[in-house]
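Novice: sequence and predicted structure below; questions after.
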There are 2 protein chains.
Amino acid sequence: MPRVVVNVMPKPEILDPQGKAVTGALKRLGFQGLSVRQGKRFEVEVEGEVTDEVLAEIGRAAEMLLANTVIESFDVVAD
Amino acid sequence: MPRVVVNVMPKPEILDPQGKAVTGALKRLGFQGLSVRQGKRFEVEVEGEVTDEVLAEIGRAAEMLLANTVIESFDVVAD
């Protein structure tokens, strides 16, 4: 089935406590020089073809439901 | 700075309650024909170049820390 991916990430100017925790844990485990930001990935299965219209609709869905656009940015990608 | 992305998704055979909740909410909001699975996206900033060795190290980190490989699968992608 055709698939669209929505990536949701904390905006660069927003603190990311989850990412900070992961970064610290990786360091303690011996993985050096890695800095992590954590976001969400939504895989959306679509009935029918992935048209520009479908991508725009999923963009609206992301804005309404998948991302908190005050603190997160998102992008919509046909997979 | 060079960046590597780790995508972590629930395995296909595993129930995904978050994705199910999102799918239901989208339907109630009037978005028809969309089925969602929810996972995580980690953006890893790397000091220096993204070599095959670095990708392999991040794969080990993903296996140890970023993904629960009992119920999740992951992939590592140079961005």
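Specialist: Looks like it came in fine. Numbering: from 1, shown residues only, chains lettered A, B, ... in the order given.
Novice: just the strands in chain A please.
Specialist: A:3-10, A:34-46, A:72-78 (DSSP state E).
Novice: tell me which residue of chain A is furthest from the middle?
Specialist: A:G30 (26.7 Å; Cα atoms, centre = their mean).
Novice: show the pLDDT at that residue.
Specialist: Looking at A:G30, its pLDDT is 95.
Novice: for chain A, which residues are neighbours of chain B?
Specialist: Within chain A, the positions near chain B by Cβ under 8 Å from any Cβ of the partner chain are A:7-9, A:19, A:22, A:25-26, A:29, A:31, A:33-48, A:57-58, A:60-61, A:64-66. Yep, even glycine has a C-beta here, placed from its N, CA and C like the rest.
Novice: 7 Å - rerun?
Specialist: A:7, A:9, A:22, A:25-26, A:29, A:31, A:33-47, A:57, A:61, A:64-65 (Cβ under 7 Å from any Cβ of the partner chain).
Novice: for PyMOL, what selects the buried ones among the residues you listed?
Specialist: Here is the PyMOL selection string for the buried members of the residues of chain A next to chain B, based on 16 or more other Cβ atoms under 10 Å in any protein chain shown:
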select buried, chain A and resi 7+9+22+26+31+34+35+36+37+38+39+40+41+42+43+44+46+57+61+65
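Novice: which helix is the longest one in chain A?
Specialist: Ranked by residue count, the top helix of chain A under DSSP state H comes out as helix A:17-28.
Novice: that one packs against which elements?
Specialist: With contacts taken as 3 or more Cβ pairs under 7 Å, 6 or more residues apart in numbering or on different chains; DSSP states H and E, helix A:17-28 sits against strand A:34-46.
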